[in-house]
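Participant: Got a sequence here, can you model it:
(chains A and B)
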Amino acid sequence: GAGVSQSPRYKVAKRGQDVALRCDPISGHVSLFWYQQALGQGPEFLTYFQNEAQLDKSGLPSDRFFAERPEGSVSTLKIQRTQQEDSAVYLCASSLRLGHNEQFFGPGTRLTVL
Amino acid sequence: DAKTTQPNSMESNEEEPVHLPCNHSTISGTDYIHWYRQLPSQGPEYVIHGLTSNVNNRMASLAIAEDRKSSTLILHRATLRDAAVYYCILYEGLRYGQNFVFGPGTRLSVLP
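Facilitator: Sure, this is the predicted structure:
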């Protein structure tokens, strides 16, 4: 069956540009997470949705970062006025419900800001 | 969040067993021990998880110390495809929106 998909897989942006990264979770998965992974490090939490509600955005590094999941399925992570320090892989994960369910990760979007 | 410590890197020969250690001395009674791995250019994937008893699945085994302050992920016969970064994560999973807290993990190299 289809796993979590993300698009684009690679994005190059000039500093100051706005970017939008898309995540298609597994159908029916209630929970959706965004993580940021810098080169050589483990993923770091950005934000969490339960259905369409954004219940935790404590990991978003600045107010330039914004995420939405308006219909409780597809989610978009938007970064405004990109900076070089935003260069990273952005990972999306979904899980069926709260608890010790497996989190399924997408392949990530590699963002490079020049 | 409780922290885990893992060796930065390990090496193994193909078809030999691999024991990946993880220390979690501040684990709480409600924390489960999860292991994920990340192959090159991919997102992390689930390997195994457990609470107190040792666990086996088709991918690996998880041995948990009696005091739960450490655990070991065991790959019974390493293959080249097992070369990845392995993350040991403590996860309570009882709070809405609880996310995984990843450390730097252990980079496993498998030699042919």
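Participant: how about the residues of chain B near chain A?
Facilitator: B:32, B:34, B:36, B:41-46, B:49, B:85, B:87, B:91, B:93-94, B:96-97, B:99-105 (C-beta under 8 Å from any C-beta of the partner chain). All C-beta spots, glycine's among them, are computed from the backbone N, C-alpha and C.
Participant: Filter the residues you listed down to just the buried residues.
Facilitator: B:32, B:34, B:36, B:43-46, B:49, B:85, B:87, B:91, B:93, B:97, B:99-102, B:105 (16 or more other C-beta atoms under 10 Å in any protein chain shown).
Participant: Pass me the low-pLDDT residue ranges in the chain, would you?
Facilitator: As the question left the chain open, I've gone with chain A. Scanning chain A for pLDDT under 70 picks out the ranges A:1, A:98-100.
Participant: if you could check chain B rather than the one you did, that'd help
Facilitator: Using pLDDT under 70, chain B drops low at B:1-2, B:93-97.
Participant: Spatially central residue in it, please.
Facilitator: B:Trp35 (3.3 Å; C-alpha atoms, centre = their mean).
Participant: Just to be sure, which of the buried ones among the residues of chain B next to chain A are found in strands?
Facilitator: For these, membership in strands holds for B:Tyr32, B:His34, B:Tyr36, B:Glu45, B:Tyr46, B:His49, B:Val85, B:Tyr87, B:Tyr91, with DSSP state E as the criterion.
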